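Undergrad: Sharing a model prediction with you, sequence too.
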Amino acid sequence: MTTDPAAVARALALGVLHDAALGDRLVVRAHHGDGARDALGELRARTDATVTIDTRRGPVEVALAEVVAAKPVPPPAVRRR
């Protein structure tokens, strides 16, 4: 059993992505170059190697091998007028 916090976070993230239903709203953090990138939106597709998150800027395909963290998030707040 590992106690490496990064490995634990990654394992939990992959579990979240595995258990999420298409249409669930998630935030996924993945390695990107020398840093990380977040994708916030609805889960649109899942393969053995990737997930596709439908963000406000369009679909973002994230390689599962690059995932650092993931969690479900609530729907966006309704704007008041």
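TA: Nice, thanks for sending it over. Residues are numbered from 1 along each chain as shown.

Undergrad: which parts of the longest strand along the chain are buried?
TA: The strand that spans the most residues within the chain, counting by DSSP state E, is strand 35-46. Within strand 35-46, the residues that qualify as buried are 38, 39, 40, 41, 42, 43, counting by 16 or more other Cβ atoms under 10 Å. All C-beta atoms are positioned from the backbone trio N, CA, C, and that covers glycine.

Undergrad: Now do the contacts for residue 12.
TA: With contact taken as Cβ atoms under 8 Å, 6 or more residues apart in numbering, residue 12 is in contact with residue 69.

Undergrad: And it, how close does it get to residue 73?
TA: 15 Å (Cβ to Cβ, to the nearest Å).

Undergrad: Then residue 5?
TA: Relative to residue 73, residue 5 is positioned 21 Å away (Cβ to Cβ).

Undergrad: which one of the two has more residues nearby?
TA: With neighbours defined as other Cβ atoms under 10 Å, residue 5 and residue 73 compare such that residue 73 has more, 12 against 8.

Undergrad: Around residue 70, how many other residues sit close by?
TA: Residue 70: 28 neighbours (other Cβ under 10 Å).

Undergrad: In the protein, where is pLDDT below threshold?
TA: Within the chain, the stretches with pLDDT under 70 are 1-2.

Undergrad: Quick one: the strands in it, in order.
TA: 25-32, 35-46, 50-55, 58-63, 67-72.

Undergrad: a markdown table for these, including distance to residue 17?
TA: Below are these laid out as a markdown table (distance: least, Cβ to Cβ, whole Å):
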| stretch | distance to residue 17 |
| --- | --- |
| strand 25-32 | 7 |
| strand 35-46 | 7 |
| strand 50-55 | 6 |
| strand 58-63 | 9 |
| strand 67-72 | 5 |
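
Undergrad: Show me what the closest residue to residue 40 other than its chain neighbours is bridged to.
TA: Leaving aside its sequence neighbours, residue 40 sits nearest to residue 27 (Cβ to Cβ, 6 or more residues apart in numbering; 4.6 Å). Beta-bridge pairing of residue 27 under DSSP bridges involves residue 40, residue 71.
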